[in-house]
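Peer 1: Give me the fold of what follows.
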Amino acid sequence: MPEFTLNVNGNSRTINVRDSQEPLLYVLRDALALTGAKYGCGLGQCGACTVIVDGEAVRSCLLPIVSVAGKKVTTIEGLGTPEKPHPLQSAFIAEQAAQCGYCVTGMVMTGAALLARRPSITREDAQQALAGNLCRCGTHERILRAMLRASKGAA
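Peer 2: Residues are numbered from 1 along each chain as shown. The predicted model follows:
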């Protein structure tokens, strides 16, 4: 069994996997019990599995574990805490930007990666960043408002 050392949420974790091509999503959920990233489509088209790897929002369902060894992986569990949420998490709460909640992790992680690169964004920037994340509940307007609120708070 291949062994990999990952930096997940600031902690070094050594894990054994069945196959070096196993998707990061499965390792996070099954081996590390980090269930914030969700399995949606398995094709990288919905964004429910989005995590941040070395500052970039990526689809963990498509990313083989071998490709993240030695890289910094941040999941929703490592973004903020209940006592001190990330500014975007606070903005999502303030805007009530979640309904069913399934897509929220992917939206927050995508938005957090964008805001880390560009603390001040426009509505168009937010729309472009979230273009690959699907939400079927109809809270997309609130999600965009939350991203702009976090942008203003970060600027």
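Peer 1: and residue 102, how many neighbours does it have?
Peer 2: Neighbour count of residue 102, defined by other CB atoms under 10 Å: 16. In short, each C-beta sits where N, CA and C put it, glycine included.
Peer 1: now the helices for this protein?
Peer 2: For the chain, the helices identified by DSSP state H occupy 24-26, 76-79, 87-94, 104-117, 123-129, 140-154, in order along the chain.
Peer 1: what would those helices look like in JSON lines with mean pLDDT and mean neighbour count?
Peer 2: Compiled in JSON lines, these are given as follows (pLDDT from 0 to 100; neighbours: other CB atoms under 10 Å):
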{"stretch": "helix 24-26", "mean pLDDT": "97", "mean neighbour count": "23"}
{"stretch": "helix 76-79", "mean pLDDT": "97", "mean neighbour count": "20"}
{"stretch": "helix 87-94", "mean pLDDT": "95", "mean neighbour count": "20"}
{"stretch": "helix 104-117", "mean pLDDT": "96", "mean neighbour count": "24"}
{"stretch": "helix 123-129", "mean pLDDT": "96", "mean neighbour count": "15"}
{"stretch": "helix 140-154", "mean pLDDT": "88", "mean neighbour count": "20"}
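Peer 1: can you redo these as CSV with distance to residue 2?
Peer 2: Rendered in CSV, the data for those read as follows (distance: least, CB to CB, whole Å):
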stretch, distance to residue 2
helix 24-26, 14
helix 76-79, 24
helix 87-94, 34
helix 104-117, 26
helix 123-129, 33
helix 140-154, 38
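Peer 1: Just tell me which of those helices ends up closest to residue 9.
Peer 2: Taking CB to CB, helix 76-79 is the member of those nearest to residue 9, at 2.7 Å.
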